[in-house]
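> Quick check, what structure comes out for this input:
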Amino acid sequence: MPPAVCVRRAGPGDLDGLGRMVLRCSAESIRDRMHGGTRRDDLLRELRDTVLHGDGTVLVAAERHRTVGCLELVRRTPGAAQAEMALLVEDERQGRGIGTRLLDAVPACARSTGIAVVGFSVEAGNGRARRLLRHLPAGGLQWQWQQASLEATWHIGALR
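Below you'll find the predicted structure:
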């Protein structure tokens, strides 16, 4: 039986674990997360900046002391009520409910930091991420296909 997954807000002490988790991810997982080429260094820099200096939040999913996934909420304008969301779960742990656990933590985290709307996109070929979206409450979700990606807006404030 795999260890229980704990989801919590990341702090500076989580940066090493986030770095090790990103290094365990395949180029394909990084590409899906970044919507482009394999830019592991860019992803690590973005996570570090968000945890230490950014106007956003990183949630980590950990099995014991091993970080196995993360979800980032980033405001593009300081103090804005809208944030962009990006999710990454290491390859060996995908399909085990970790992404769902991270998504379940978003409403409370967003509300506690003044975020009312979360935007995100999923490429058409990312079937695992598209299936994960079924776990989001439909009442607060708006989406449309634009070219080869699903562009979505999740209205956290509409959830009870």
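> only C-alpha atoms for contact and neighbour calcs from this point on.
Fine.
> Enumerate every residue touching Ala116.
Ala116 sits next to 81-82, 110, 155-157 when contact means Cα atoms under 8 Å, 6 or more residues apart in numbering.
> one more time with 6 Å, if that's ok
Counting by Cα atoms under 6 Å, 6 or more residues apart in numbering, Ala116 touches 81, 156-157.
> what's next to stretch 134-143, contact-wise?
151-155, 158.
> For the buried ones among those residues, write the corresponding ChimeraX selection.
Selection of buried members from the contacts of stretch 134-143 for ChimeraX, criterion 16 or more other Cα atoms under 10 Å:
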select :151,152,153,154,155
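> can I get the contacts of stretch 134-143 in a markdown table with distance to Pro12 and pLDDT?
Output for those, formatted as a markdown table (distance: Cα to Cα, whole Å; pLDDT from 0 to 100):
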| residue | distance to Pro12 | pLDDT |
| --- | --- | --- |
| Glu151 | 31 | 85 |
| Ala152 | 30 | 86 |
| Thr153 | 29 | 90 |
| Trp154 | 28 | 89 |
| His155 | 29 | 91 |
| Ala158 | 32 | 63 |
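> picking up where we left off before, so among the contacts of Ala116, which ones count as buried?
Buried subset of these (neighbour count, 16+ other Cα under 10 Å): Ile156.
> Mind picking the lowest-pLDDT entry from the contacts of Ala116?
Least confident by pLDDT among these: that is Gly157, with 74.
> State the distance from the closest residue to it other than its chain neighbours to Gly97.
Excluding its sequence neighbours, the residue lying closest to Gly157 (Cα to Cα, 6 or more residues apart in numbering) is Ala116, at 4.9 Å. Distance of Ala116 to Gly97, computed by Cα to Cα, to the nearest Å: 25 Å.
> now Leu73
19 Å.
> Compare the two (neighbour count), which wins?
Higher neighbour count among Leu73 and Gly97: Leu73, with 25 against 13, using other Cα atoms under 10 Å.
> so that one bridges to which residues?
Thr57, Met85 (DSSP bridges).
> How about the contacts made by it?
56-57, 83-85.
> Kindly indicate which of those residues lies nearest Gly17.
Thr57 (15.9 Å; Cα to Cα).
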